[in-house]
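Asks: Below are the sequence and a predicted model for it; my questions follow.
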Amino acid sequence: GAVVSQHPSRVICKSGTSVKIECRSLDFQATTMFWYRQFPKQSLMLMATSNEGSKATYEQGVEKDKFLINHASLTLSTLTVTSAHPEDSSFYICSARDPSGGAYTDTQYFGPGTRLTVL
Amino acid sequence: GENVEQHPSTLSVQEGDSAVIKCTYSDSASNYFPWYKQELGKRPQLIIDIRSNVGEKKDQRIAVTLNKTAKHFSLHITETQPEDSAVYFCAASIDTNAGKSTFGDGTTLTVKP
């Protein structure tokens, strides 16, 4: 099946700094990637849809200036948490759609996630 | 927008018993319903999915049923094993072209040996 990687797996940073998280599709080209945030024992909250070559679409309540998304190639999307604060500490997961399935292109493959801790 | 409700939030069964998790959705335009299994600290993994042109799908011990009229779908796990213990999420796609999914809140399944 399709493989999605995410880097780093864990990051600890000081309050006020910015953190970049990378999401890569390793064996397929992904025109669309998604970024989720997951709190402990809670569901996946969609933050934004990342579209290759165009601006990301953010969900209601998600600050686009706070969470910068760049999808510069068909295999890479990045999420930058700017001026991070302790309340941004969370598990961030990306996913990508594999368009090779033709009509059945809805399947999402998830990255392993990034645990962000802001001190 | 789409709203997905999932029940129960926790489920405990004895090894060998069956487990059923139910989800309802609100948008009748949704046509793709995947189920994901997430073990602690790991990524969600697709375990089975169903499309709106099918009423039931089975893969070994796992099956999913869909009732489009009632707008609900269910995950059935038979002969449960301790390794089935995990959090299970249902989801519904509201836009096939974009592939954006709305997730349920998850069910923590515990299978007691």
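Replies: Happy to help now that I have it. All of these numbers come straight from a predicted model, not from anything done at the bench.
Asks: Let me see the contact set for B:Thr78.
Replies: B:18, B:61-63 (Cβ atoms under 8 Å, 6 or more residues apart in numbering or on different chains). The C-beta positions use only the backbone N, C-alpha and C, and glycine is treated the same way.
Asks: List the contacts of the lowest-mean-pLDDT helix or strand in chain A.
Replies: Lowest on mean pLDDT, DSSP states H and E among the helices and strands of chain A sits strand A:108-110, with a mean of 88. For strand A:108-110, contacts defined as Cβ under 8 Å, 6+ apart pick out A:1-4, A:25, A:34, A:93-98, B:34, B:36, B:43-46, B:99, B:101.
Asks: Among the residues you listed, name the buried ones.
Replies: A:2, A:4, A:25, A:34, A:93-98, B:34, B:36, B:43-44, B:46, B:99, B:101 (16 or more other Cβ atoms under 10 Å in any protein chain shown).
Asks: What about these, which are in strands?
Replies: A:4, A:25, A:34, A:93-97, B:34, B:36, B:46, B:101 (DSSP state E).
Asks: The contacts of B:Thr78 also near chain A: which ones?
Replies: When Cβ under 8 Å from any Cβ of the partner chain is applied, no member of those is adjacent to chain A.
Asks: Identify, from these, the entry nearest to chain A.
Replies: Using Cβ to the nearest Cβ, B:Ile62 comes nearest to chain A of these, at 15.9 Å.
Asks: who's in contact with that closest one?
Replies: Neighbour list for B:Ile62: B:47-48, B:75-78 [criterion: Cβ under 8 Å, 6+ apart].
Asks: repeat that with 10 Å
Replies: B:35, B:37, B:47-48, B:75-78, B:84 (Cβ atoms under 10 Å, 6 or more residues apart in numbering or on different chains).
Asks: cool, and B:Phe73?
Replies: B:4, B:21-25, B:30, B:33, B:35, B:50, B:52, B:55-56, B:64-67, B:90, B:92.
Asks: Look at it and tell me its secondary structure.
Replies: Look at B:Phe73: counting by DSSP: H, G, I helix; E, B strand; the rest coil, its state is strand.
Asks: The closest residue to it other than its chain neighbours: neighbouring residues, count only.
Replies: Distance criterion Cβ to Cβ, 6 or more residues apart in numbering or on different chains; nearest residue to B:Phe73, sequence neighbours excluded, is B:Leu66 at 4.4 Å. For B:Leu66, the neighbour count with other Cβ atoms under 10 Å in any protein chain shown is 22.
Asks: in the sheet, who's paired with A:Tyr92?
Replies: In this entry, A:Tyr92 is beta-bridged to A:Arg37, A:Thr114, by DSSP bridges.
Asks: measure B:Ile47 to chain A for me?
Replies: 12 Å (Cβ to the nearest Cβ, to the nearest Å).
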